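[1] Have a look at this fold, sequence not included:
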């Protein structure tokens, strides 16, 4: 009898919870109404709420003009809400589903921006920390995203800004490599340091890090007794950067 009473009580509680459940007020909304409401929140800068309604739109009406534009809009909302991974995923879905869409160039651009902002941690290479622990992967991916935009859509309105960001990223990535080379120099791993310097010279020409890369090569090769390689790097350094103060330091290195 006690078990029966307990079961009745549990059923009554469950029934109350079921009847008390709140109905989603947007349940019967059309795709147009959901999109307009989400867009309104986006325009107000209320990105969290905008994302909520865009996600409902995508779940209920994944295709059609509102579903298409909503997917692009939610990518921007994720980006502005500090959710770069979600923004990138939304851009990738848009590119895959609508490769011929007139605004697909924006998806490539926004994807690049999301990776670009994650790559801002590269500024830490200027701080006195173990830079070998820093991963420039997001900056490199941003460069690839912008490069893909420039290659596929050279007439896009986003190309000019993308090119400027690519220039910035090239300098940052080159500087990262040079700082890793310095890290190896401090620890006496001279071959690895020289290889990093050579990588910069070969892969990031015309960047601000090239003279420092040449200096690393000169010093590392000279310390290892590879005088011919050191002299070759020094010749290039003197020819292109004759006023570099490290030239005197290189000449003064005496290998025992």
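    Cool, got the structure. Keep in mind the model is a prediction, meaning the values are calculated, not measured.
[2] alpha carbons only for contacts and neighbour counts from here, please
    OK.
[3] which stretch of helix or strand covers the spatially most central residue of the chain?
    Centroid-nearest residue in the chain: residue 115, 1.7 Å away (criterion: Cα atoms, centre = their mean). Element membership for residue 115 (DSSP states H and E) is helix 104-118.
[4] What lies in contact with that helix?
    72, 75-76, 79, 84-85, 87-88, 91-92, 94-95, 98, 138-139, 141-146, 148-149, 153, 156, 158, 162 (Cα atoms under 8 Å, 6 or more residues apart in numbering).
[5] Okay, buried residues for the longest helix along the chain please.
    Longest helix in the chain by number of residues, with DSSP state H as the criterion: helix 159-186. By 16 or more other Cα atoms under 10 Å, the buried positions in helix 159-186 come out as 159, 162-163, 165-166, 169-185.
[6] next one: stretch 42-51
    So, applying 16+ other Cα under 10 Å, buried residues of stretch 42-51: 42, 46-47, 49-51.
[7] From those residues, which land in helices?
    Applying DSSP H to the buried residues of stretch 42-51, the entries found in helices are 42, 47, 49-51.
[8] so which of these comes closest to residue 204?
    residue 47 (38.1 Å; Cα to Cα).
[9] low-scoring pLDDT stretches of this protein, where are they?
    Along the chain, segments meeting pLDDT under 70 span 1-21, 119-135, 256.
[10] ok, 50 please
    In the predicted model of the chain, residues 4, 7-8, 10, 13-20, 119, 121-125, 130-133 satisfy pLDDT under 50.
[11] ranges for the strands of it?
    With DSSP state E, there are no strands along the chain.
[12] Quick one: the helices in it, in order.
    2-20, 31-43, 47-60, 64-80, 84-97, 104-118, 137-152, 159-186, 190-203, 210-223, 227-240, 246-252.
[13] Give me the distance from stretch 52-72 to the chain's centre.
    Distance, stretch centre to chain centre, for stretch 52-72: 25 Å (Cα atoms, centre = their mean, to the nearest Å).
[14] oh, I was asking about stretch 147-161
    17 Å.
[15] quick one: buried residues of that stretch?
    In terms of neighbour count (16+ other Cα under 10 Å), stretch 147-161 has its buried residues at 147-150, 153, 158-159.
[16] how about JSON lines for those residues, with distance to residue 247 added?
    Putting the buried residues of stretch 147-161 into JSON lines (distance: Cα to Cα, whole Å) gives the following:
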{"residue": "147", "distance to residue 247": "36"}
{"residue": "148", "distance to residue 247": "39"}
{"residue": "149", "distance to residue 247": "41"}
{"residue": "150", "distance to residue 247": "39"}
{"residue": "153", "distance to residue 247": "44"}
{"residue": "158", "distance to residue 247": "42"}
{"residue": "159", "distance to residue 247": "39"}
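[17] just those now: which is nearest residue 198?
    When the buried residues of stretch 147-161 are compared for distance to residue 198 (Cα to Cα), residue 147 comes out closest, at 23.4 Å.
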